[in-house]
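S.K.: I'll drop the sequence and a predicted model, then ask my questions.
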Amino acid sequence: MKIDVFCHILPKRYKEELYKKAPPKFYSSKYADATQSLIDLDARFRVMDKYSDYVQVLSLGSPALAGVGGRASCRRVYDFDR
């Protein structure tokens, strides 16, 4: 089995909040906007499902939202009761 531990994601609410706070066209926005499986977790899972011996350890991409938007931004992103 192959375990890929360097797989970043940028879930939709995280991306929206990050784009509100980050400088215009920050370094990874072009890549993030062009990579569907970075934002759409269902697309990412479909890729993983194609291979029975492959898994990914998903982690949030950088920059860390807390450093860009502060606590209020983090609360909005991680409020799963919406």
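M.R.: Looks like it arrived, so ask away.

S.K.: give the contact list for the residue nearest the centre of the chain.
M.R.: Residue closest to the average C-alpha location in the chain (C-alpha atoms, centre = their mean): Leu10, at 1.3 Å. When contacts are counted by C-beta atoms under 8 Å, 6 or more residues apart in numbering, Leu10 is found next to Leu18, Ala32, Leu38, Ile39, Leu60, Gly61. C-beta coordinates here come from the backbone N, C-alpha and C atoms, glycine included.

S.K.: just give the number of residues close to the fourth one.
M.R.: By the other C-beta atoms under 10 Å criterion, the neighbourhood of Ile39 contains 18 residues.

S.K.: and it, backbone torsions?
M.R.: Note on Ile39: its backbone torsions stand at phi -100, psi -40 [degrees, to the nearest 10].

S.K.: does it touch Lys12 like I think?
M.R.: Yes. With contacts counted by C-beta atoms under 8 Å, Ile39 reaches Lys12, the gap being 5.8 Å.

S.K.: so where is the chain shaky, pLDDT-wise?
M.R.: 24-29, 63, 65, 68-69, 74, 77-82 (pLDDT under 70).

S.K.: again, 80 this time
M.R.: Counting by pLDDT under 80, the chain contains low-confidence ranges at 13-34, 60-82.

S.K.: and the helices in it, which stretches?
M.R.: 12-21, 29-34, 36-39, 41-49, 65-77 (DSSP state H).

S.K.: reformat the ones you listed as a markdown table; add distance to Gln56.
M.R.: Listed next are the helices of the chain as a markdown table, based on distance: least, C-beta to C-beta, whole Å:
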| stretch | distance to Gln56 |
| --- | --- |
| helix 12-21 | 17 |
| helix 29-34 | 17 |
| helix 36-39 | 10 |
| helix 41-49 | 6 |
| helix 65-77 | 21 |
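
S.K.: tell me which of these lies nearest to Met1.
M.R.: Nearest to Met1 among these is helix 41-49 (12.0 Å), distances taken as C-beta to C-beta.

S.K.: which parts of the closest one are buried?
M.R.: For helix 41-49, the neighbour count (16 or more other C-beta atoms under 10 Å) marks Arg44 as buried.

S.K.: contacts for it?
M.R.: Helix 41-49 is touched from outside by Cys7, Ile9, Pro11, Gln36, Ser37, Leu38, Tyr54, Val55, Gln56, Leu58, with contacts defined as C-beta under 8 Å, 6+ apart.
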